[in-house]
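Participant: Turn this into a model:
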Amino acid sequence: MPKRTGTSHALAAFVMLVGGTYLKDVLKLYVDAGDVATVVADAAGTVAAHPDVDATAESVTLVMTGLVVAALAFVWGYAYHRTVL
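Facilitator: Below is the predicted model:
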């Protein structure tokens with residue numbers, strides 16, 4: 001997002017609102033949220049089944065989801081600061 005004026009922030013927010021809708025539709029063609037959730041749950045079950053891991057599959061799923069969100073936020077922040085600042 002631009003950082004100089006309120007008008008540029010408002011315009012950038014509007015563009016992202018409209019662009020996000022189209023991006024969501026395009027991503028739905030290629031990625032199904034249910035498939036992603038199944039992959040994460042299966043991986044969590046595999047990790048939780050390991051004898052050295054003392055955790056339930058649900059807690060491992062929560063941690064793995066948090067790691068995915070953190071990784072995406074890191075990539076977004078890195079890309080933003082490399083291109084904008």
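
Participant: When you work out contacts or count neighbours from here on, use the C-alpha atoms and nothing else.
Facilitator: OK.

Participant: Below-threshold pLDDT in the chain: ranges please.
Facilitator: 1-5, 84-85 (pLDDT under 70).

Participant: Residue ranges of each domain in it, please.
Facilitator: 1-30, 32-85 (automatic domain parsing).

Participant: Please identify the most buried of these.
Facilitator: domain 32-85 (a mean of 13; mean count of other CA atoms under 10 Å).

Participant: Now do that one: distance to the chain's middle.
Facilitator: Averaging C-alpha positions (CA atoms, centre = their mean, to the nearest Å) puts domain 32-85 9 Å from its chain's average.

Participant: all strands for the chain, in order.
Facilitator: In the chain, no strands are defined using DSSP state E.

Participant: quick one: the helices in it?
Facilitator: Along the chain, counting by DSSP state H, helices occupy 6-30, 33-49, 57-83.

Participant: looking just at contacts, which helices and strands does the second one meet?
Facilitator: Using 3 or more CA pairs under 8 Å, 6 or more residues apart in numbering; DSSP states H and E, the elements in contact with helix 33-49 are helix 57-83.
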